[in-house]
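J.: got a structure for you, letters missing:
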């Protein structure tokens, strides 16, 4: 196998793995958007909470990986619900202007980030080596796959399938999909909207935590880790805001584009490529791949 | 005497997905006429306005205004040629004052697609508040006040448009459209949501404006009686197709019109596009 | 007409006060910072507050202004004033290039795209080592931003901004913000209106960036990151969307609050975040809502009628 081809395969694998992590984050963000129609910038904060919760459960309290992950998911989910109750709900009840929610969510993100800076410090941490399998598999021709790449791909797939099952097979999943069409009508039809929104935030937080843990494994853990969610937002926008399949598709495209650029052009160019890709796609499809464009009655 | 044709629709079709909203509609509007467009809910009346004013381009067919093909022009260009309209679902700038609403339109007053004399000043004059800025702003304000007075809203000039009673908002929209100094005025259900006295006053207003400004006017209504009273000439639509056209008497005695109305008289409010 | 004179006189009086009152070195620095932040905030305000286009990438235009001015003055020995104007013009040029494709986007799509483009500009500045010295930053800028020069620029730009808002342009932007469909049916070329607002706002931010370079004497791409963009927009929302005096008040308030907490810099960002949330929860319409400060004076409310 020649060098170019092996790099190509290698970077496709890496790209899919990175894309799957983006997908976890983007889907949560898009889920919230589909219900409340605003960009929740606190999503990055939820991710950081998940990462740190996992880290401390592993290192300080010595729990095993499964328990720590479960704890991290719960912590992140609860943070999300709490954020919704304390910050967003009062705003939602006062006004329908989603811009205010967006600004508040940026505030929450800054608060979470800086709470960690103050309490645990800004230094970069790594999850303990023993947490996740670290082996590297040789696929021949110089193509390697790390166990953590496979794990993140598999776990992301599992969570996305679970989410899909939840949304299509359960009563509350149905209610969420109804609310995504029209929140007010869903409320009039007897859906407990407050509970439903809380549930959506819990699920979004949960997914963010999974993403956060894998990002801490892939890179490392620090309070500003949440800024990576910008990429996931871009992925969701490329896919079409509020569309979950769109978010997954956008994430995979983004992950692949990033890794292929890193492999064939230069690592420094990868973000630039991501942003150009965003603009190019929006040029052709101003509402992303699967976004709804509201047509107005005149 | 043969009057000049101002507006002409030729075989206009409009398709939204699988729905044929307008089916081969053609009609002409003479200069200085007051024409009514009637039809039951969903007949495609507002779609006709949307196509004339450039909100949509028709699927096929053409629209001519003053001898010029305007079918594919963008809305603001069509407006600058001298077509102004109001909206069935009011579209005022609700947070701005009534006066500002009218001034906003007056500043776009055009003559032959160019800014009308005395209603325009440049960016530099805006930034420095020099040159024509002062005189033009005074002129805009004066024009706007005169129009507000014409529609009976002079004492409400400083009130935010969104806080005006419904009937006044409808009249404010008329004043705003007039401020553009149009050659053709299109009123989309100006009487919707008004009580009988208000409708009566509105009749006077519309006929008065038509007379005083000698303005070609097109009015949409689905209340037959109202339009019968003010419009000498009427076009009747049903299910997107023109089923009749003519004078008040022609329409009243047309069996198809009667059938359309007797069949569709149950729902009076709110019409889907 | 009389109102316009009063406003201009008020701005000049305020500026003279800022320029002439006796201050220590530290307070002078605060006045300079106030002027810079207000100019940038006015730029974002005309786009977000008056045209309804929500941006999260305007720090990039500050960066463009800052780098253009710095490179022209340091490398080519250009006098700072034409260099500053060039910075504003470069920001306009880039805004135009960006605006053509992206201004078609609406709502959160534009907001996310503006983050992307803002970050892209920052990354280009960071990676264009030979020209910008990259992430290490660009040192040795002349301290041309004095209290006098910054207040003068602030005064001129503020007067121009208020004049523009009280003219056909102001009505045009508000119309396309409040109802784009109605605006286009009243003869406004709304895509062009949006472009006008973007170009103006880029110019103001570019000038603010150029002034910032002359004040800090050192610039670095990381000074103009998404955090800074967010701050610009947050200040505008805090002041009240659609209120230029609110923007100035909001900008001044946030600048002073952040200066006050400088000693406990650890908690500064935390307080800032809490402040954002608290404002949105307790007073989402901002300090002044969509009204200007003189709308609260009964005399002018009546005077507008004549």
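T.: Now that the structure is in, tell me what you want to look at. Worth saying up front: this structure is predicted, and the values here are computed from it rather than measured.

J.: which bits of the stretch 151-300 of chain C sit near chain A?
T.: Selection of the stretch 151-300 of chain C residues close to chain A by Cβ under 8 Å from any Cβ of the partner chain yields C:181, C:226, C:230, C:233-234, C:237, C:241, C:266-267, C:269-270, C:272-281, C:284. (Each C-beta comes from the backbone N, C-alpha and C, glycine too.)

J.: for residue B:73, list the residues it contacts.
T.: Neighbouring residues of residue B:73 by Cβ atoms under 8 Å, 6 or more residues apart in numbering or on different chains: B:54, B:81.

J.: could you look up the SS state of it?
T.: coil (DSSP: H, G, I helix; E, B strand; the rest coil).

J.: per-residue confidence at it?
T.: Residue B:73 carries a pLDDT value of 91.

J.: also residue C:143?
T.: The model's pLDDT for residue C:143 equals 90.

J.: reduced to three states, what does it come out as?
T.: Strictly by three-state DSSP, residue C:143 counts as coil.

J.: so it is in contact with residue C:217, correct?
T.: Yes - using Cβ atoms under 8 Å, residue C:143 is in contact with residue C:217, at 5.5 Å.

J.: more neighbours: which of the two?
T.: Legend: neighbour count by other Cβ atoms under 10 Å in any protein chain shown for residue C:143 and residue C:217, higher for residue C:217 (15 against 12).

J.: where in chain B is pLDDT low?
T.: Chain B contains residues with pLDDT under 70 at B:1-2, B:262-273.

J.: by mean pLDDT, which helix or strand of chain A comes out lowest?
T.: Sorting the helices and strands of chain A by mean pLDDT, DSSP states H and E puts strand A:136-138 at the bottom, at a mean of 77.

J.: check which helices and strands the next helix or strand after that strand sits against.
T.: Once the chain leaves strand A:136-138, the next helix or strand it forms, by DSSP states H and E, is strand A:144-146. On a contact count with 3 or more Cβ pairs under 8 Å, 6 or more residues apart in numbering or on different chains; DSSP states H and E, strand A:144-146 meets strand A:136-138.

J.: other residues contacting the strand it packs on?
T.: A:144-147, A:150.

J.: please name the nearest non-neighbouring residue to the residue nearest to the spatial centre of chain B.
T.: Nearest residue to the geometric centre of chain B (Cα atoms, centre = their mean): residue B:186, 1.8 Å. Nearest residue to residue B:186, sequence neighbours excluded (Cβ to Cβ, 6 or more residues apart in numbering or on different chains): residue B:85, at 4.0 Å.

J.: where's residue 105, which helix or strand?
T.: Let's take chain A. helix A:98-120.

J.: please go with chain B instead
T.: helix B:98-106.

J.: right, and residue A:224 touches residue A:113 too?
T.: Yes - counting by Cβ under 8 Å, residue A:113 is a contact partner of residue A:224 at 6.2 Å.

J.: so between these two, which is more surrounded?
T.: More neighbours surround residue A:113 than the other of residue A:224 and residue A:113, with 25 against 15 (other Cβ under 10 Å).

J.: how close does that one sit to residue C:70?
T.: Distance of residue A:113 to residue C:70, given as Cβ to Cβ, to the nearest Å: 30 Å.

J.: what about residue A:262, how many residues close to it?
T.: 18.

J.: oh, I was asking about residue C:9
T.: Count around residue C:9 with other Cβ under 10 Å applied: 11.

J.: pull out the buried positions in the helix or strand harbouring residue A:82.
T.: Using DSSP H and E, residue A:82 maps to helix A:65-83. Along helix A:65-83, these residues count as buried under the neighbour rule (16 or more other Cβ atoms under 10 Å in any protein chain shown): A:65, A:68-69, A:71-81, A:83.

J.: quick check, nearest of those to chain C?
T.: Distance ranking of these against chain C, using Cβ to the nearest Cβ, places residue A:83 first at 9.2 Å.

J.: from residue B:80, how far out is that closest one?
T.: Taking Cβ to Cβ, one finds residue A:83 at 49 Å from residue B:80.

J.: next: residue C:129.
T.: 50 Å.

J.: host element of the spatially closest residue to residue C:279 that is not a sequence neighbour?
T.: Using Cβ to Cβ, 6+ apart and skipping residues adjacent in sequence, the residue nearest residue C:279 is residue C:238, 5.5 Å away. Secondary structure assignment for residue C:238, by DSSP H and E: helix C:226-239.

J.: pretty sure residue B:101 sits against residue B:176.
T.: Yes - counting by Cβ under 8 Å, residue B:101 touches residue B:176, with 5.3 Å between them.

J.: let me know the pLDDT of the residue nearest to residue A:180 when sequence neighbours are not counted.
T.: Excluding the flanking residues, the one nearest residue A:180 by Cβ to Cβ, 6+ apart is residue A:34, at 4.1 Å. You'll see residue A:34 listed with a pLDDT of 86.

J.: just give the closest residue to residue B:176, not the sequence neighbours.
T.: residue B:105 (4.6 Å).

J.: for that neighbour, give me its contacts.
T.: So residue B:105 contacts B:84, B:176-177, B:179-180, C:186-187 (Cβ under 8 Å, 6+ apart).

J.: the residue of the stretch 151-273 of chain B found nearest chain C in helix, strand or coil?
T.: Among all residues of the stretch 151-273 of chain B, residue B:158 sits closest to chain C, at 5.7 Å; criterion: Cβ to the nearest Cβ. Using three-state DSSP, the structure places residue B:158 in coil.

J.: re earlier: ok now the helix holding residue A:105, how far from the chain's centre?
T.: Relative to its parent chain, helix A:98-120 has a centroid offset of 17 Å by Cα atoms, centre = their mean, to the nearest Å.

J.: cool, and stretch C:178-196?
T.: So, by Cα atoms, centre = their mean, the centroid of stretch C:178-196 is 23 Å from its chain's centroid.

J.: so which bits of it are buried?
T.: C:178-180, C:182-191, C:193-196.

J.: cool, stretch A:7-16 as well?
T.: A:7-16.

J.: and the two most separated of those residues?
T.: A:7 and A:16 (14.9 Å; Cβ to Cβ).

J.: low-confidence stretches in the chain?
T.: With no chain named, the answer covers chain A. In chain A the weaker segments, taking pLDDT under 70 as the threshold, are A:1-3, A:130-131, A:141, A:293-297.

J.: you answered for a different chain; I wanted chain C.
T.: C:1, C:298-306.

J.: most centrally placed residue in it?
T.: Note: chain C centre (Cα atoms, centre = their mean) maps to residue C:40, 1.9 Å.

J.: so which bits of whichever strand or helix holds that one are buried?
T.: Assessed by DSSP H and E, residue C:40 sits inside helix C:25-44. Across helix C:25-44, burial judged by 16+ other Cβ under 10 Å covers C:28, C:30-44.
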